[in-house]
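Starting from these lines, generate the structure:
(chains A and B)
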Amino acid sequence: ETGVTQTPRHLVMGMTNKKSLKCEQHLGHNAMYWYKQSAKKPLELMFVYSLEERVENNSVPSRFSPECPNSSHLFLHLHTLQPEDSALYLCASSRDGRANSGNTIYFGEGSWLTVV
Amino acid sequence: GEDVEQSLFLSVREGDSSVINCTYTDSSSTYLYWYKQEPGAGLQLLTYIFSNMDMKQDQRLTVLLNKKDKHLSLRIADTQTGDSAIYFCAESGSGYALNFGKGTSLLVTP
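Numbers count the residues shown, from 1 in each chain, chains lettered A, B, ... in the order given. So this is what the prediction gives:
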């Protein structure tokens, strides 16, 4: 138990569906992240929120839409996805958003997404 | 950007030592990390080292850092079958998030 909880753990959706992934952290952290993990590729940073403000958006297609209503919750809204978007989506949090300040990043268990 | 490089696969026998190597890219990285991912799970922080250190030991884990060559290694002593997992090296870089390698799959055989 890392203190970062993701739901659902598994999601199968059609290309025309709209769904959302949810993440909640119980660590009192101020920064939250979405990463994408695909087979044979490095982890890809998608979004970073610090104090509920998006501070990094790594050229992610608009069919992925993040939402951070408060520092404990982070959503990833999914709309008209493609089969190549099938992957493990990892949420993470840290004390603040600067990696070089020694903040350890804690990950959730991930949400396995399959787009059919 | 440039990739953090790791070998993709390592197989060792139970009881032997495992050494996983990593080459990172950003010399301004203040912290270097090792994460472990077991099947079906997220990434779990194993250990980290501050860039002004060259070694850190934590029970069965030893981290060595060669800052000149930007080389990081993780040694697991007395490797057990429960250590079978994917191990990710990560550098803190200069931005908001860590830069990860592709991970090294460690297989421990009886």
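
Okay, now the unreliable bits of chain A?
By pLDDT under 70, the low-scoring segments of chain A are A:1, A:97, A:99.

Grab the nearest non-local neighbour of the most centrally placed residue in it.
For chain A, residue A:34 is the residue whose C-alpha lies nearest the centre (C-alpha atoms, centre = their mean; 2.5 Å). Closest residue to residue A:34 apart from its sequence neighbours, by C-beta to C-beta, 6 or more residues apart in numbering or on different chains: residue A:46 at 4.2 Å. Quick note: C-beta positions are derived from backbone N, CA and C, even for glycine.

Quick check: that neighbour touching residue A:38?
No. Residue A:46 lies out of contact with residue A:38 (C-beta atoms under 8 Å); the separation is 11.8 Å.

between those two, who's got more neighbours?
Taking other C-beta atoms under 10 Å in any protein chain shown, residue A:46 and residue A:38 do not tie; residue A:46 has more neighbours (21 against 13).

In its sheet, which strands sit next to the helix or strand containing that one, and in what direction?
Assigned by DSSP states H and E, residue A:46 belongs to strand A:44-50. Here strand A:44-50 has these sheet partners by DSSP bridges: strand A:31-37 (antiparallel), strand A:53-57 (antiparallel).

got a list of what the residue nearest to residue A:34 touches?
By C-beta atoms under 8 Å, 6 or more residues apart in numbering or on different chains, the contact set of residue A:46 is A:33, A:34, A:35, A:36, A:57, A:58, A:60, A:64, A:66, A:76.

I'd say residue B:101 and residue B:86 touch.
No. At 10.2 Å, residue B:101 does not count as touching residue B:86 under the criterion of C-beta under 8 Å.

in chain B, what spans have low per-residue confidence?
B:1-2.

and it, which of its residues are near chain A?
B:3-4, B:28-31, B:33, B:35, B:40-45, B:48, B:50, B:88, B:92-102 (C-beta under 8 Å from any C-beta of the partner chain).

Would you map the strands across the chain?
Let's take chain A. Along chain A, counting by DSSP state E, strands occupy A:4-7, A:10-13, A:18-25, A:31-37, A:44-50, A:53-57, A:64-70, A:73-79, A:87-94, A:106-107, A:111-115.

Let me rephrase: I mean chain B.
Assigned by DSSP E, chain B shows strands spanning B:5-6, B:9-13, B:18-23, B:31-37, B:43-50, B:55-58, B:61-66, B:71-76, B:85-91, B:99-100, B:104-109.

The second one versus strand B:85-91: what angle between them?
Taking axes from the mean of the first three to the mean of the last three C-alpha atoms, to 10 degrees, strand B:9-13 and strand B:85-91 form an angle of 130 degrees between their directions.

just the third one next, same as before
With the same axes, to 10 degrees defining the directions, strand B:18-23 sits at 30 degrees from strand B:85-91.

how about the nearest residue to residue B:94, chain neighbours excluded?
Nearest one to residue B:94, counting by C-beta to C-beta, 6+ apart, is residue B:28 at 5.2 Å.

Check residue A:23 too.
Residue A:23 sits nearest to residue A:91 (C-beta to C-beta, 6+ apart), 3.4 Å away.

Just the CA atoms of stretch A:71-89, as PDB, please.
Taking Å, rounded to 0.1, in the frame of the first residue of the first chain, the C-alpha atoms of stretch A:71-89 are listed here in PDB:
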ATOM      1  CA  SER A  71      -4.500  18.200  -4.300                       C
ATOM      2  CA  SER A  72      -5.700  14.700  -3.300                       C
ATOM      3  CA  HIS A  73      -7.600  13.700  -6.400                       C
ATOM      4  CA  LEU A  74      -6.700  13.400 -10.100                       C
ATOM      5  CA  PHE A  75      -8.800  12.200 -13.000                       C
ATOM      6  CA  LEU A  76      -8.000  11.200 -16.500                       C
ATOM      7  CA  HIS A  77     -11.000  11.600 -18.800                       C
ATOM      8  CA  LEU A  78     -10.800   9.400 -21.900                       C
ATOM      9  CA  HIS A  79     -12.800  10.000 -25.100                       C
ATOM     10  CA  THR A  80     -12.600   8.400 -28.500                       C
ATOM     11  CA  LEU A  81      -9.400   6.500 -27.800                       C
ATOM     12  CA  GLN A  82      -7.500   4.400 -30.300                       C
ATOM     13  CA  PRO A  83      -6.400   0.800 -29.800                       C
ATOM     14  CA  GLU A  84      -2.700   2.000 -29.500                       C
ATOM     15  CA  ASP A  85      -3.800   3.800 -26.300                       C
ATOM     16  CA  SER A  86      -4.100   0.500 -24.600                       C
ATOM     17  CA  ALA A  87      -1.600   0.500 -21.800                       C
ATOM     18  CA  LEU A  88      -1.100   0.700 -18.100                       C
ATOM     19  CA  TYR A  89      -1.800   4.200 -16.800                       C
END
